[in-house]
Every structure is written in C-alpha cells, then in structure tokens.
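Colleague: Sharing a model that was predicted from the sequence below.
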Amino acid sequence: MYDFTKIKADSKLPHHYLIGVAMHNMKDGPKHRGKMYLKYGPLYFHHSDIENVQNAALMSIDKVFKTTPKEAAEMYDCKSLISGIYGLKLAASANNATIHHFSCDFEIPDAEEWFDNYVKSANDIEYIRSQLDDARMQCY
C-alpha cells in the first residue's frame, strides 16, 4: 500500500495534481473499448499541503503528545485533503483505475479539461503514454 504522506515532491514544483485513469471496457463499444480516460480528478494541492499532511501523520503517532489522526489533521488544516486522497484511492481501487501524480511550477487553468485531453492523447501518442506511466503511483 502506498503511503501518501511520503509522496515524492520537489518544492520547486509546488503545484500538485492527482488523477484517476481508467480504461473503457468491452461494453463501451468498438470506438471506446481499450481506450484510457480520466475517471477521477484532478485533485489539486500545494507543496505546503504535503508538509501539513506529513506533520499531521507524525503528530498522530507521537507518544508524548497523544493526538488522534483526526485531531492532527484538524490542527494542520489538512482533513479535507486527506479525505480527498483516500476517497480517490478507494474509488480507484474499487473501479480498477490507476492513480497518477503530476507536479508543475504553475497552477493549471481549467485543470479538469487539461487532464482529460492529456489522458485522451496518451491513447495515441507514445511519449505522452510513457509520461502517464511514469506518473503512476503504486498504491495498492
């Protein structure tokens, strides 16, 4: 199982996105079957959010200052992000989708449309497909 608190991130690329990618099945017809599509996301977060999640995780296992995970998440204002990440993980697992992490130095305007087009492009362009594969998180 992937530990989301140890997500690889470079502070020079402070904008992060998680997406869920699935593949059309045989019932979707000959035009779509076997094609990847954006199933979930994007879930956006900033590099400072990663630090908050990591701090909350450490706080929740501290032996001296006993804090529940819920209390720690509230203290570091990351309860919503943690819920979103684990919701994405559960949904992807239940629906046979994969989760991919992307970082960049700017916030992507209309990120949902951008990632939708990106994933569709990966069906036809090998270079984009390899980027998508490289961004896949091993979280099952």
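Modeller: Yep, it's here.

Colleague: Could you point out the longest strand of this structure?
Modeller: For the chain, the longest strand by residue count, based on DSSP state E, is strand 36-46.

Colleague: so how far is residue 13 from the closest residue to residue 12 other than its chain neighbours?
Modeller: Distances taken as CB to CB, 6 or more residues apart in numbering place residue 105 nearest to residue 12, at 6.7 Å, with adjacent residues excluded. Glycine gets a C-beta too; all of them are placed from N, C-alpha and C. Using CB to CB, to the nearest Å, one obtains 5 Å as the distance from residue 105 to residue 13.

Colleague: Looking only at neighbour counts, state which of those two leads.
Modeller: Set side by side, residue 105 and residue 13 show more neighbours around residue 13, with 13 against 9, by other CB atoms under 10 Å.

Colleague: for the more buried one, helix, strand, or coil?
Modeller: Residue 13 falls in the coil class when you classify it by DSSP: H, G, I helix; E, B strand; the rest coil.

Colleague: Start the count at 334 instead of 1 going forward.
Modeller: Happy to do that; since the first residue is 334 now, the last one works out to residue 346.

Colleague: give the contact list for the nearest residue to it once chain neighbours are set aside.
Modeller: Sequence neighbours aside, residue 436 is the residue nearest to residue 346 in space, at 3.8 Å (criterion: CB to CB, 6+ apart). The contact partners of residue 436, taken as CB atoms under 8 Å, 6 or more residues apart in numbering, are 342-343, 346-350.
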